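Colleague: let's see this in three dimensions:
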Amino acid sequence: MTREPGGAGRIVRVAGPLVQAEGLGGTAMNDLVALGEAGLPGEVVAIRDTVVTVQAYEYTGGLAPGMPARPLGRPLTAALGPGLLGGIFDGLLRPLSTTGAWLEPRPADAGPPAPVERDFVPLAAEGGGAAPGDVLGEIHDAGPVRVRIMTPPGCSGRIEYLAGAGRYAEDAVVATVAGTDVRITTRWPVRRPRPVRSRLDSSRALHTGQRVIDLLFPVALGSTVAVPGGFGTGKTVLLQQIAKWCDADVIVYVGCGERGNEMADVIDDFSALTDPRTGGRLADRTVIVANTSNMPMMAREASVHTGVTVAEYFRDMGLDVVVIADSTSRWAEALREFASRTGALPAEEGYPAGLASAIAAFYERAAAVTTLGGREGSVTVIGAVSPPGGDMAEPVTAHTQRFVRCLWTLDRDLAYARHYPAVSWAESFSRDAEVLGGRTATADDPERPVRRARVAELLAEADRLADLVDLLGITALPDRERVSVLGGRLVREGLLQQSALSERDAYSSPEKTAALADAVLAVVARCHELAGAGVPASRIEEVDFSPVLRAREEAGPHDAPLVRTLCDTMLARLEELR
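Modeller: Modelled structure (predicted):
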């Protein structure tokens, strides 16, 4: 991971964040270099003869030819330890809460801002054996998640030393296995996936608490999702809702190139929100990587890799982790800017020719796995895509759709109609739905696949009739088709619509989602029965459907019985039409 660095060289040219240096013997591609007297971090991006080109991760004002350039002999690594939970970091995983302005120079090899002691409890025995991924001890004061200290990959043998229970600094050695020191905080290259024993075909669903997703476009733990949508369609709010309410153990939220005020709102929300699982703060099991649009471009490019590396660290402890990247389009723009500066051959719309490979490599790191220690864990990646002008055919959106298993497309017309979440049921898909609808996955709810198919059928039928209604008017349709149009409205307004600002409706448990879907389907079925029995569609349309439409707001997040009661009230009201 770390090589003996060569001797220091000198800077010969500075062109914005691109710096050229000579005399850096033994330097390899992607190595870190400390630039200037302040030791600003940069990454080697090209080597030609004796000239090494370095892309700086910081503002390079003040750097000049003749200043020193010192190779560090290692690629960009992330410090992984108990201090991550509840923290806010930049794209290189440096704490933002302990720094001043982001333009303040920070050396490439700077250590932690202040020593922090942690409560370590050993879980192995000195003199015993340890294999890669085996748990040596736990940290008990890192928040609601107990951080496990594990034997690092590639290390196995006799435990020569194991610290006793007590408080130790985060960089302290708490074990020695076969001559290898194991510290509380470890480091790992952000662009190298952490090894696992095997990848699994997950049949466990990630419950997001958003009905349109959990019902129609479910995602499996360890899967991948893209959320494309133009400006104003509600991407950030939807991702924040998922981060707040999904049933993952740890959330890694990567704000990649977003506006600073949006990141500030995210941080405020997480700080104020109560974790429904623990009763504490949701922020205590969240890691926020904040790399806003005014921060250096190269740090933005690294931020998504940093976020996934953090997720893999917690995954190896046997936890389910969700990575939310908002947005991958800004990350791709950083790739385009970087390629332009290095003279790479441009492809579609100026993006580098390797854009598809870079996107695939990012999403490939999501998986449900058996870890080296034999535990099951997962990393689920949800990435927002911001196509310019809402053009879904632009390169980032088009390539992303090739590599993800779920697509939650946000529709501008739904958003303008104040229908949130504005997930389009016509343009979205879930390749996980079939797996999650299998016999084993639905043991707790065997009607889930039938319910999903029936709701999708109602929406498709209503969409098919919408153009005829616009052309001819609703009264020109036969009664059965008029009832189908009504059924589509009830599904949209009574089931799929959900308010992020409502205490009772911001989150919907699986039981409430199933009850609402069953209620709407039962009401629509009764309307079709009445139309088939000769009751005019005009009379059915005049009925007050507020009991079923209000059910999502009147019932609490887990109050399925009240939904069923309101459904019975609605069915009794319809029965009066006979």
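
Colleague: for this protein, give me the ranges with low pLDDT.
Modeller: 1-6, 97-115, 438-444 (pLDDT under 70).

Colleague: swap the cut-off to 80 and go again
Modeller: By pLDDT under 80, the low-scoring segments of the chain are 1-7, 97-115, 257-262, 265-266, 269-280, 292-297, 341-343, 437-445, 577-578.

Colleague: which segments of it make up each domain?
Modeller: Residue ranges for each domain of the chain read 9-76, 117-187, 198-436, 448-575, as given by automatic domain parsing.

Colleague: highest mean neighbour count out of those domains?
Modeller: Burial of these is given as mean neighbour count (mean count of other C-beta atoms under 10 Å); domain 198-436 ranks first at a mean of 21. (C-beta placed from N, C-alpha, C; glycine too.)

Colleague: starting at the chain centroid, how far to it?
Modeller: Averaging C-alpha coordinates over domain 198-436 and over its chain gives two centres that are 4 Å apart (C-alpha atoms, centre = their mean, to the nearest Å).

Colleague: for this structure, which helix is longest?
Modeller: With secondary structure taken from DSSP state H, the chain has its longest helix at helix 448-472.

Colleague: any chance of the domains of the chain in a markdown table, plus distance to residue 90?
Modeller: Formatted as a markdown table, the entries for these read as follows, by distance: least, C-beta to C-beta, whole Å:
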| stretch | distance to residue 90 |
| --- | --- |
| domain 9-76 | 9 |
| domain 117-187 | 16 |
| domain 198-436 | 6 |
| domain 448-575 | 28 |
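
Colleague: right, and those - which one's nearest residue 84?
Modeller: Evaluated with C-beta to C-beta, these place domain 198-436 nearest to residue 84, the distance being 5.0 Å.

Colleague: any idea how far residue 329 is from residue 403?
Modeller: From residue 329 across to residue 403, the span is 15 Å (C-beta to C-beta, to the nearest Å).

Colleague: and the longest helix of the chain, what does it pack onto?
Modeller: Identification of packing neighbours for helix 448-472 by 3 or more C-beta pairs under 8 Å, 6 or more residues apart in numbering; DSSP states H and E yields helix 479-491, helix 510-532.

Colleague: only C-alpha atoms, please: export the next helix or strand after the last one in PDB.
Modeller: Taking DSSP states H and E as the definition, the helix or strand that follows helix 510-532 towards the C-terminus is helix 537-541. Written as PDB, here are the backbone C-alpha positions of helix 537-541 (Å, rounded to 0.1, in the frame of the first residue of the first chain):
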ATOM      1  CA  ALA A 537     -70.300   6.000 -14.200                       C
ATOM      2  CA  SER A 538     -71.500   9.600 -13.600                       C
ATOM      3  CA  ARG A 539     -73.100   8.500 -10.300                       C
ATOM      4  CA  ILE A 540     -69.900   6.700  -9.200                       C
ATOM      5  CA  GLU A 541     -67.800   9.700 -10.100                       C
END
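
Colleague: what is helix 537-541 packed up against?
Modeller: helix 479-491, helix 510-532.

Colleague: show me how far the longest one is from its chain's centre.
Modeller: On the basis of C-alpha atoms, centre = their mean, helix 510-532 is displaced by 33 Å from the centre of the chain it belongs to.
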